[in-house]
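[1] this is the structure alone, sequence omitted:
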């Protein structure tokens, strides 16, 4: 593979959003907004997003619709940035800290927000892509910037709020109930994962990992370890990483076994095409990259051919996986590709910018096409 830097690349700043659409078109936010319909061979400059935009959220239902979040407004375009308009009528005097888009119901989205001189959060819902908003009752969250809203992918009327404790609603926010009971005193929840098939919940917290069956509101402690990441392989198999170790569960999280102690893992990536395959980027041992083909029971080195490359493990090494195709990059060392599931690796840096690679995305329609975002590209 040869990397080609387009002569008509219209941007000069860093890339903050890469959105690969189901039809293969590519949307890039890098100061301005740009679209390619030929996998990056040529680009169309779209109208720029509003000044001060700090986050763009593509609609999951209509590729023409984008939301823009700035420090003082929410805006929407219905025509790929040709025209933008504010959609915060009635909430314009609030600062919005999070937007959550309902993947099951087109047009429905939620925001968490606060108002100057107030000491609590507000929640608002729109059912028409932000044209109008109605306030939804919100539990007392204080002003924590870490407050999270999670929508159940199976039943989107069920949502969870995480901010120290956990609340649940089953009526799209009309009523809320505190949901973190039976945990150790002083437990502070920091994250929540909703299983998309079973609806079971895993909560990361200051005292360990807790499991709750759907709707029970009761939590059982799974582990004293404070996991930094969870990776779901199938309905029963989970991988988790702590600061120094990778763990495996084969019963949906009830029990865990240590599978890679002292590996200093940085990330775990499952293969979306094979539930038994996962990769782990590690910074301890003789190999940078490990692979499992049996759901995490055994791991083997896959970094053959990488010995000549120096990786700065203070960086998050980008890794993209799709079946037998793997793309691996770090620091200023470039990009390597494997077309045989990691058995062999080859550099693919010809024509590539020397800038540090920071993001990789495989085209879901063609795993031989991969998009690269670099520092300052």
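    Structure received. From a predicted model like this one, the values you see are computed outputs, not experimental measurements.
[2] hey, let's count contacts and neighbours off CA atoms from now on
    Noted.
[3] helices of the stretch 1-150 of the chain, residue ranges please.
    Taking DSSP state H, counting those that start in this stretch, the stretch 1-150 of the chain contains no helices at all.
[4] mind checking how far the closest residue to residue 345 other than its chain neighbours is from residue 42?
    Setting aside the residues directly before and after it, residue 345 is nearest to residue 338 in space (Cα to Cα, 6 or more residues apart in numbering), at 4.7 Å. Distance of residue 338 to residue 42, computed by Cα to Cα, to the nearest Å: 27 Å.
[5] more neighbours: which of those two?
    Each of residue 338 and residue 42 has its neighbours counted (other Cα atoms under 10 Å); residue 338 has more, 20 against 15.
[6] and the contacts of the longest strand along the chain?
    When the chain is parsed with DSSP state E, its longest strand is strand 274-282. Residues from elsewhere that reach strand 274-282 (Cα atoms under 8 Å, 6 or more residues apart in numbering): 233-234, 263-271, 288-296, 317, 323.
[7] lowest-scoring secondary structure element of the chain by mean pLDDT?
    strand 370-374 (a mean of 52; mean pLDDT, DSSP states H and E).
[8] strands paired with the helix or strand containing residue 168, and their directions?
    According to DSSP states H and E, residue 168 maps onto strand 165-169. Strand 165-169 pairs in its sheet with strand 159-163 (antiparallel), strand 177-178 (antiparallel), by DSSP bridges.
[9] okay, the ones you listed in JSON lines with mean neighbour count next?
    Output for these, formatted as JSON lines (neighbours: other Cα atoms under 10 Å):
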{"stretch": "strand 159-163", "mean neighbour count": "21"}
{"stretch": "strand 177-178", "mean neighbour count": "14"}
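[10] which among the ones you listed is found nearest to residue 223?
    Each of those has some distance to residue 223 by Cα to Cα; the shortest is strand 159-163, at 19.6 Å.
[11] what bits of the stretch 151-300 of the chain have low per-residue confidence?
    Low-confidence segments of the stretch 151-300 of the chain (pLDDT under 70): 214-216, 272, 284-287.
[12] go again using 50 as the cut-off
    Within the stretch 151-300 of the chain, no stretch has pLDDT under 50.
[13] residues near residue 226, how many?
    16.
[14] enumerate the positions of the longest strand of the chain that are buried.
    In terms of neighbour count (16 or more other Cα atoms under 10 Å), strand 274-282 has its buried residues at 275, 276, 277, 278, 279, 280, 281, 282.
[15] the third one and residue 263, how far apart?
    Just to be clear, that refers to residue 277. In terms of Cα to Cα, residue 277 sits 18 Å off from residue 263.
[16] repeat for the last one
    Look at residue 282 and residue 263: by Cα to Cα, they are 6 Å apart.
[17] quick one: contacts for the closest residue to residue 122 other than its chain neighbours?
    Spatial nearest neighbour of residue 122, excluding adjacent residues (Cα to Cα, 6+ apart): residue 113 at 5.2 Å. When contacts are counted by Cα under 8 Å, 6+ apart, residue 113 touches 94, 95, 96, 97, 98, 121, 122, 123, 124.
[18] could those go into JSON lines alongside distance to residue 106 and pLDDT?
    Formatted as JSON lines, the contacts of residue 113 follow (distance: Cα to Cα, whole Å; pLDDT from 0 to 100):
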{"residue": "94", "distance to residue 106": "24", "pLDDT": "78"}
{"residue": "95", "distance to residue 106": "24", "pLDDT": "75"}
{"residue": "96", "distance to residue 106": "21", "pLDDT": "74"}
{"residue": "97", "distance to residue 106": "22", "pLDDT": "71"}
{"residue": "98", "distance to residue 106": "18", "pLDDT": "73"}
{"residue": "121", "distance to residue 106": "25", "pLDDT": "82"}
{"residue": "122", "distance to residue 106": "22", "pLDDT": "87"}
{"residue": "123", "distance to residue 106": "19", "pLDDT": "90"}
{"residue": "124", "distance to residue 106": "16", "pLDDT": "91"}
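[19] quick one: which of those is most hemmed in?
    When these are compared by neighbour count (other Cα under 10 Å), residue 96 ends up highest, at 24 neighbours.
[20] ok, that one touching residue 114?
    Yes. Here residue 96 lies in contact with residue 114, judged by Cα atoms under 8 Å, at a distance of 6.7 Å.
[21] so what's residue 249 bridging to?
    residue 238.
[22] neighbours of it, how many?
    Neighbour tally, residue 249, other Cα under 10 Å: 21.
[23] got the contact list for it?
    Taking Cα under 8 Å, 6+ apart, one finds 236, 237, 238, 239, 255, 256, 257 in contact with residue 249.
[24] any quick ChimeraX command for the buried ones out of those residues?
    Applied in ChimeraX, the following selects the buried portion of the contacts of residue 249 according to 16+ other Cα under 10 Å:
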select :237,238,239,256
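[25] tell me which of the contacts of residue 249 is nearest to residue 183?
    The shortest approach to residue 183 among the contacts of residue 249 belongs to residue 255, at 17.1 Å (Cα to Cα).
[26] so for the closest one, what's the nearest residue that isn't a sequence neighbour?
    Among residues not flanking residue 255 along the chain, residue 249 sits closest, at 5.8 Å (Cα to Cα, 6+ apart).
[27] ok, residues contacting the strand holding residue 168?
    Residues outside strand 165-169 that contact it (Cα under 8 Å, 6+ apart) are 139, 157-161, 175-180, 187-189.
[28] so who does the nearest residue to residue 90 once chain neighbours are set aside touch?
    Nearest residue to residue 90, sequence neighbours excluded (Cα to Cα, 6+ apart): residue 133, at 7.0 Å. Counting by Cα under 8 Å, 6+ apart, residue 133 touches 88, 89, 90, 91, 124, 125, 126, 127.
[29] from residue 67, how far out is residue 133?
    With distances taken as Cα to Cα, residue 133 is found 15 Å from residue 67.
[30] kind regards, and thank you for your time.
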